[in-house]
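Chemist: Just to be clear, the model below is a prediction. Sequence and coordinates:
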Amino acid sequence: MADFLSVSGWLLVFLQGLLFLVGAPLMVGWIRLIKSRLQNRRGPGITQPLRDLYKLFGKEVLVAHSASIVFRTAPYIVLASTLVAVSIVPLLSANLPSAMAADMIVLVGFLALGRFFLALAGMDVGSSFGGMGSSREMLVSALAEPAMLMAVFTLAMSAHSTNLSSVVEFNLGSGLILRPSFLFALLGLVLVAIAETGRIPIDNPATHLELTMIHEAMILEYSGRHLAMMEWAAQLKLMLYGVLIANLFFPWGIATELSVMSLATGLLAVVGKLLVLGILVAVAETVLAKMRLFKVPQYLNLAFLLTLLGLFSHVILESGT
Amino acid sequence: MMLAHLPLLEQGIFVLAALVLFTSFALLAQTRLTAAIHSFAWQGIMVALVTVLVAMVSHIHHLYLSALLTFSLKSLLIPWMLHRLVRRLNMEREVEMISHPAILLLTGAVLVIFSYWIALPIERLGLGNTRNIVAISLSVVLLGLWMMVSRRQVIAQVLGFMSMENGLFLAAVASTKGMPLVVELGVAFDVLVAAVLFGIFFFHISESIESLDVDRLNRLSEREEIS
């Protein structure tokens, strides 16, 4: 456990936040690049989402005249809550002073706060698309959140802590153990992550087709830097889930002490894991088709069932004498 | 004994046992017949793999034979026979309506908790280091029974019946290192004969009521139409 008041620890948290801010658009660019290669296109370069964000920040903000203050403040709240959530997640090092302040349940709470304001902003202008998008987003998140919490509890029961840092350290310390509960929690968390970040079987991030969009429908009215912040928050969320999956279940390589060498290894390891994860996401999105909205509850039921089975198999097979 | 102190092979047994439980749930939730048959075949493969691992851990050689028997019967022959039946009855695209899928699965989860509770004293007996695989196999049996109760499609009910047998086999392999070979051969052929007989019954049922929906067997007169 890191010292809560150490300056270097908080510097590390700050550095991690910056890395997340730069890394998230790059990860989206990487997924798009792989996807376009799989579709026999050359595709834009990996830095394209970063350049898009830069361009959007320079553009004029247009706000609908029926918009209230919620519409104008929502991008700041969404981006800020996602940033706070991101700062809890161990990216380079397992010892984070911020992780001592907040555990996984708080992480889920911060994500829910951002989502709440996103949905409010979607409804605020009063366009029919915005309301539709918000209602769909709430449907997905209401079903995804229990599954996410179940996965968190499964991990917490093995590590005897809901703190992300201690879970990572526990996994590092125990070496390679085949745990059925972790297998189920991993599968469930992957399904939840796909649903929450709006990737392909649930939502298509590359389309503006009216009937199917969820996330795009909510941010349809945004422009300029507001749009940039919303997009940035969505990209951050994708990277957050990626890092969560990579570092919780495959923690090897993450730094356990504050030295330049181990932090560099941690960076290399996490970049490698995220690149592999990006390839997997791109392949899955190329192979799968988008699912009908009415099938989404079934999909999330499966996620919930998987995490529930994870909990059961922990109790039945792993705990005890 | 902590899980971490067990050798990797035994940890593998637990993972596979958990996967058997998962395939049971997959069977329960599958509405398409062909997909359900595939889940059943996967369950057979998992059970056979558990048997192989148990044989490797305990060095009992006749378990390899029963693993081979399980694999060839339950994951190749019986699924193939059921597949052929489904094709001959033109039911490949049949989708059974499940009225409350969430309640179906939650009841399944309750059954798992119940069998864990039932199997706790058995675990305390300490029959070797099999942990609570007895609880897993008991819940596979109960889930098969629940599938027979809740589904109306005859083939789905037969799959539930067969997966109950898988659960019993898993319990035998994991807790007492397998039954005597004679018993295992007997059970295997029993299941095979049952599969053949079920096939004949399917034809008779589908000829007399032109459907494999068991609910229609309740009706007394043939004239009654479903609107």
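Modeler: Right, received. Where do you want to start? Residues are numbered from 1 along each chain as shown, chains lettered A, B, ... in the order given.

Chemist: Could you pull up phi and psi at residue B:95?
Modeler: phi -120, psi 120 (degrees, to the nearest 10).

Chemist: Skipping adjacent residues, who's closest to it in space?
Modeler: In space, residue B:95 comes closest to residue B:31 once its chain neighbours are excluded; the distance is 5.1 Å by Cβ to Cβ, 6 or more residues apart in numbering or on different chains. (C-beta placed from N, C-alpha, C; glycine too.)

Chemist: Just give me the neighbour total for the one you found.
Modeler: 16 (other Cβ atoms under 10 Å in any protein chain shown).

Chemist: So it is in contact with residue B:96, correct?
Modeler: Yes: using Cβ atoms under 8 Å, residue B:31 is in contact with residue B:96, at 5.1 Å.

Chemist: name the element residue 157 belongs to?
Modeler: Here I'm looking at chain A. Assigned by DSSP states H and E, residue A:157 belongs to helix A:128-159.

Chemist: I was thinking of chain B, sorry if that wasn't clear
Modeler: Residue B:157 belongs to helix B:154-176, assigned by DSSP H and E.

Chemist: What residues does chain B have near chain A?
Modeler: Counting by Cβ under 8 Å from any Cβ of the partner chain, the positions of chain B adjacent to chain A are B:1, B:3-4, B:8, B:11-12, B:14-15, B:17-19, B:21-22, B:25, B:29, B:101-102, B:105, B:109, B:112-113, B:116, B:123, B:131-133, B:135-136.

Chemist: Count the residues that sit near residue 69.
Modeler: Assuming you mean chain A. For residue A:69, the neighbour count with other Cβ under 10 Å is 8.

Chemist: The chain in question should be chain B.
Modeler: When neighbours are defined as other Cβ under 10 Å, residue B:69 has 18 of them.

Chemist: separation between the residue of chain B found nearest chain A and residue B:24?
Modeler: Nearest to chain A, among the residues of chain B, is residue B:18, at 3.4 Å (Cβ to the nearest Cβ). Separation of residue B:18 from residue B:24 (Cβ to Cβ, to the nearest Å): 11 Å.

Chemist: which one of those two has more residues nearby?
Modeler: Neighbour tally, residue B:18 and residue B:24, criterion other Cβ under 10 Å: the higher count belongs to residue B:24, 32 against 26.

Chemist: I figured the more buried one was touching residue B:141, is that so?
Modeler: No: taking contacts as Cβ under 8 Å, residue B:24 lies outside contact range of residue B:141: 9.3 Å.

Chemist: where do the contact lists of these two overlap?
Modeler: residue B:167 (Cβ atoms under 8 Å, 6 or more residues apart in numbering or on different chains).

Chemist: Return stretch A:278-293 as PDB; C-alpha atoms alone will do.
Modeler: The C-alpha atoms that make up stretch A:278-293 are tabulated as PDB, following Å, rounded to 0.1, in the frame of the first residue of the first chain:
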ATOM      1  CA  GLY A 278      -7.600  -3.500 -29.500                       C
ATOM      2  CA  ILE A 279      -6.900  -6.200 -32.100                       C
ATOM      3  CA  LEU A 280      -9.400  -8.500 -30.400                       C
ATOM      4  CA  VAL A 281     -12.000  -5.800 -30.300                       C
ATOM      5  CA  ALA A 282     -11.500  -5.000 -34.000                       C
ATOM      6  CA  VAL A 283     -11.700  -8.600 -35.000                       C
ATOM      7  CA  ALA A 284     -14.800  -9.200 -32.900                       C
ATOM      8  CA  GLU A 285     -16.500  -6.100 -34.400                       C
ATOM      9  CA  THR A 286     -15.600  -7.300 -37.900                       C
ATOM     10  CA  VAL A 287     -17.000 -10.700 -37.300                       C
ATOM     11  CA  LEU A 288     -20.200  -9.800 -35.400                       C
ATOM     12  CA  ALA A 289     -23.200  -8.000 -36.600                       C
ATOM     13  CA  LYS A 290     -25.200  -5.500 -34.500                       C
ATOM     14  CA  MET A 291     -27.900  -7.100 -32.400                       C
ATOM     15  CA  ARG A 292     -31.500  -5.900 -32.300                       C
ATOM     16  CA  LEU A 293     -32.300  -3.600 -29.400                       C
END
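
Chemist: quick check: mean pLDDT across it?
Modeler: Mean pLDDT, computed over stretch A:278-293, is 91.

Chemist: got it, and stretch B:95-107?
Modeler: 83.

Chemist: Next, the contact list for the residue of chain B closest to chain A, please.
Modeler: Each residue near residue B:18 by Cβ under 8 Å, 6+ apart is listed here: A:180-181, A:183-184, A:309, A:313, A:317, B:136.

Chemist: do the same with residue A:148
Modeler: A:108, A:189, A:192, A:196, A:307.

Chemist: Of the contacts of residue B:18, which belong to helices?
Modeler: A:180-181, A:183-184, A:309, A:313, B:136 (DSSP state H).

Chemist: Max pairwise distance over those: which two?
Modeler: A:183 and B:136 (14.3 Å; Cβ to Cβ).

Chemist: Measure how buried residue 9 is and give me the count.
Modeler: In the absence of a named chain, this looks at chain A. Neighbour tally, residue A:9, other Cβ under 10 Å: 20.

Chemist: wrong chain, I was asking about chain B
Modeler: 13.

Chemist: Might one say that it is in contact with residue B:55?
Modeler: No: using Cβ under 8 Å, residue B:9 is not in contact with residue B:55; the gap is 10.3 Å.

Chemist: hmm, back to that, as TSV, the contacts of residue B:18 with neighbour count would be great.
Modeler: TSV is the format used below for the contacts of residue B:18 (neighbours: other Cβ atoms under 10 Å in any protein chain shown):
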residue	neighbour count
A:180	28
A:181	28
A:183	19
A:184	28
A:309	29
A:313	28
A:317	24
B:136	30
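
Chemist: In JSON lines, list those along with pLDDT and distance to residue A:224.
Modeler: Shown next, in JSON lines, are the contacts of residue B:18 (pLDDT from 0 to 100; distance: Cβ to Cβ, whole Å):
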{"residue": "A:180", "pLDDT": "88", "distance to residue A:224": "49"}
{"residue": "A:181", "pLDDT": "90", "distance to residue A:224": "46"}
{"residue": "A:183", "pLDDT": "91", "distance to residue A:224": "45"}
{"residue": "A:184", "pLDDT": "93", "distance to residue A:224": "44"}
{"residue": "A:309", "pLDDT": "92", "distance to residue A:224": "46"}
{"residue": "A:313", "pLDDT": "89", "distance to residue A:224": "50"}
{"residue": "A:317", "pLDDT": "83", "distance to residue A:224": "54"}
{"residue": "B:136", "pLDDT": "91", "distance to residue A:224": "56"}
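
Chemist: And the furthest pair within the residues you listed?
Modeler: Top of the distance list for those (Cβ to Cβ): A:183 and B:136, 14.3 Å.
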